[in-house]
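>>> no sequence on hand, only this structure:
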């Protein structure tokens, strides 16, 4: 006689299992980890550099760079904070295993905020959680207003959206309403900021959000609650 | 006794074998095929739409779209030329197999110029030839001047570079010399055009290059020489 067995626990794939292990490493060290994703040239590195500048006196920051060439890690290291480069060997995304293998080299106990810069790509990174607490997508005005419609998985999967290069809005065809409607359909509760890393416009809102997240994470850790 | 055997013929991988088969289909039909690659939002679709507009009275054009969502294929189909969409199932690149499977549905005998729009991605598409005669990379000014250094495989592998959104040069930090030096190191003979699909600046040079390629391909086909 066969009996139907209902499986209540979601079965995690190998990547998600490793992502959970990564998360427990972060939590044990009290590190808040952020996965930063974007298409090439949207401004991941610029946003990270601005964030370091704004928060480095308040928080101990570390950056792990998974981008194709070590150029970005050099820019970050010039800020005199912890910076590591994950050599993805030309891969199109970071995965939990790559982050896991890098963990022994990252002094998590000395890092409050770990920023993981993913590979510049709007497709593949969306499929691989890393174990970070929050994930942010950096969009950019000159990319065009149709990106939510074309890369729904990416827009659906992130916690916060930073729309960069807002200073270029007068110079490019970009229908903000059409863009926002696409975002709303895919991810109605998505927190969004419009910024320019060149003019600094709107960055304060992003810093404030991040500081609130850091404070909430610290409070939850002190209470022993999984954040 | 063992003897060293030198293998003179390059051993093709499965993708390259299928790419050669695709090429023979194109050649048999007298179709010139172009692989268009870029990061998301650099302007692949805009360049293709401009190209259709400029050349559709002289050449029979078909477009195969491999982008993630069918949005682009709709835009192209609105131009009243042959347009097909390859559903990559969320894949990050086209490969020769996907193109091969689409071939029975493409009326190559009625197409002089087949434009294949690859998935918006600067990494994965560089690893998979499709069997096209030429490949073009659409870069864009707001992406930043460091892209050749960060995506060397893509810049090394293409025949022609179209630098789009040149009208935004006054508004973004972009060191043209630094960019060009990166391109020169990777691909010294790369043919390059600076254009704006918004202001139309520079597009004539691109059209002229493409028409010359089409003419050379046709002449070679008439002489029975593999182009």
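Great, that's in hand. Every value quoted in this text rests on a predicted model; they were computed, and no experiment measured them. Numbers count the residues shown, from 1 in each chain, chains lettered A, B, ... in the order given.

>>> so where's chain A shaky on pLDDT?
For chain A, applying pLDDT under 70 flags the ranges A:1-12, A:67-71, A:225-227.

>>> spell out which parts of it neighbour chain B.
Within chain A, the positions adjacent to chain B are A:39-41, A:67-69, A:71-72, A:90-92, A:119-124, A:140, A:142-144, A:146-147, A:149-153, A:165, A:167-168, A:171-173, A:198 by C-beta under 8 Å from any C-beta of the partner chain. Quick note: C-beta positions are derived from backbone N, CA and C, even for glycine.

>>> isn't residue A:156 up against residue A:189?
No: counting by C-beta atoms under 8 Å, residue A:156 stays clear of residue A:189, with 11.3 Å between them.

>>> and the two? Which one has more around it.
A count of neighbours by other C-beta atoms under 10 Å in any protein chain shown puts residue A:156 above the other of residue A:156 and residue A:189, at 14 against 6.

>>> please report how far the more buried one lies from chain B.
Counting by C-beta to the nearest C-beta, to the nearest Å, the separation of residue A:156 from chain B is 12 Å.

>>> apart from its neighbours in sequence, what residue is nearest that residue?
Closest residue in space to residue A:156, ignoring its immediate chain neighbours: residue A:186 at 4.7 Å, by C-beta to C-beta, 6 or more residues apart in numbering or on different chains.

>>> next, the contact list for that neighbour, please.
A:148, A:152, A:155, A:156 (C-beta atoms under 8 Å, 6 or more residues apart in numbering or on different chains).

>>> out of those residues, which comes closest to chain B?
Distance to chain B, by C-beta to the nearest C-beta, is smallest for residue A:152 among the contacts of residue A:186, at 7.2 Å.

>>> so what's the closest one closest to, chain neighbours aside?
Going by C-beta to C-beta, 6+ apart, residue A:152 has residue A:186 as its nearest residue, at 5.4 Å.

>>> specify the local secondary structure of residue A:121.
Secondary structure, DSSP: H, G, I helix; E, B strand; the rest coil: residue A:121 is coil.

>>> quick check: it touching residue A:91?
No: Residue A:121 is not in contact with residue A:91 according to C-beta under 8 Å; the separation is 9.6 Å.

>>> next, the buried residues of stretch A:84-94.
Buried residues in stretch A:84-94, defined by neighbour count with 16 or more other C-beta atoms under 10 Å in any protein chain shown: A:84, A:85, A:86, A:88, A:91, A:92, A:93, A:94.

>>> scratch that, stretch A:129-146
A:129-146.

>>> got a list of what residue A:166 touches?
So residue A:166 contacts A:141, A:194, A:195, A:196, A:201, A:202 (C-beta under 8 Å, 6+ apart).

>>> show the buried residues in those.
In the contacts of residue A:166, burial by neighbour count holds for A:141, A:194, A:195, A:196, A:202, counting by 16+ other C-beta under 10 Å.

>>> which residue is the nearest non-sequential neighbour of the last one?
I take that to be residue A:202. Nearest to residue A:202 is residue A:195, by C-beta to C-beta, 6+ apart, at 3.8 Å.

>>> past the helix or strand hosting residue A:63, which element shows up next along the chain?
Per DSSP states H and E, residue A:63 falls inside strand A:61-65. Next helix or strand after strand A:61-65 toward the C-terminus (DSSP H and E): helix A:71-77.
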